[in-house]
Every structure is written in C-alpha cells, then in structure tokens.
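Novice: pasting a predicted model and its sequence here:
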Amino acid sequence: MVVHLKPETETRLKELAATTGRAPDELVEDAMSGYLAELTQVRNMLDPRYDEIKSGRAQPVDGEEAFNRLREKSKDRRRS
C-alpha cells in the first residue's frame, strides 16, 4: 500500500523517525493501528445510539441545551 502525505507531514514523520530511531513505516503502522482501534471503539459506541434515535426509542438533545445542562450540574457541584 502506498500512502501519500503532505510534505510537512512527511517532514515531521522523518524527524520523529530520526529522533526515536524507528523506521517511518513502523511509526505510520502504529499510528494507523491506534487510529483504527479508536475509530472502531467510537463506532461501536455510537452506532447503537444512532439506531435508537432513528427508530424513535431515543430523542436527540440540542447541543446548546446539553452544554447548558452540564454547566448547571457543574455549578451545583461547586455549591455543594
């Protein structure tokens, strides 16, 4: 597989490889492996929730409303 990187990303990768003594392809493999594992975890968490919203079993909450609720909870905890 061939991966095309922006020149500045490739430069950073080569600098990190030189600093760590690891091959650039090893660093890319580690980065992609970690990214894909995290993406899988997020998808496994969000997909069932999306299905609940789609089916009507759950209702979405407006983002601003959600932040307001969190701010209120935070204020309440500080008062306690």
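Specialist: Perfect, I can see it now.

Novice: so what's R57 up against?
Specialist: For R57, no residue meets the contact criterion (CB atoms under 8 Å, 6 or more residues apart in numbering). Placement of C-beta: from N, CA and C, glycine included.

Novice: try it again at 10 Å.
Specialist: R57 is in contact with R49, D51, counting by CB atoms under 10 Å, 6 or more residues apart in numbering.

Novice: and what of E29?
Specialist: By CB under 10 Å, 6+ apart, the residues touching E29 are R22, A23.

Novice: what's the answer for A17, then?
Specialist: Listed by CB under 10 Å, 6+ apart, the contact partners of A17 are A23, P24, D25, E26, L27, V28.

Novice: now K6
Specialist: When contacts are counted by CB under 10 Å, 6+ apart, K6 touches R12.

Novice: which parts of this protein are helices?
Specialist: Counting by DSSP state H, the segments of the chain that form helices are 7-20, 24-55, 63-79.

Novice: quick one: which of the ones you listed is nearest M1?
Specialist: Nearest to M1, of all those, is helix 24-55, at 10.0 Å by CB to CB.

Novice: quick one: distance of the closest one to the chain centre.
Specialist: Here helix 24-55 is found 8 Å from its chain centre; the criterion is CA atoms, centre = their mean, to the nearest Å.

Novice: over to stretch 12-24?
Specialist: Using CA atoms, centre = their mean, the offset of stretch 12-24 from its chain centre is 24 Å.

Novice: buried sites along it?
Specialist: L13, A17 (16 or more other CB atoms under 10 Å).

Novice: now that stretch: mean pLDDT?
Specialist: Mean per-residue pLDDT for stretch 12-24: 97.

Novice: and what of stretch 68-77?
Specialist: Mean per-residue pLDDT for stretch 68-77: 93.
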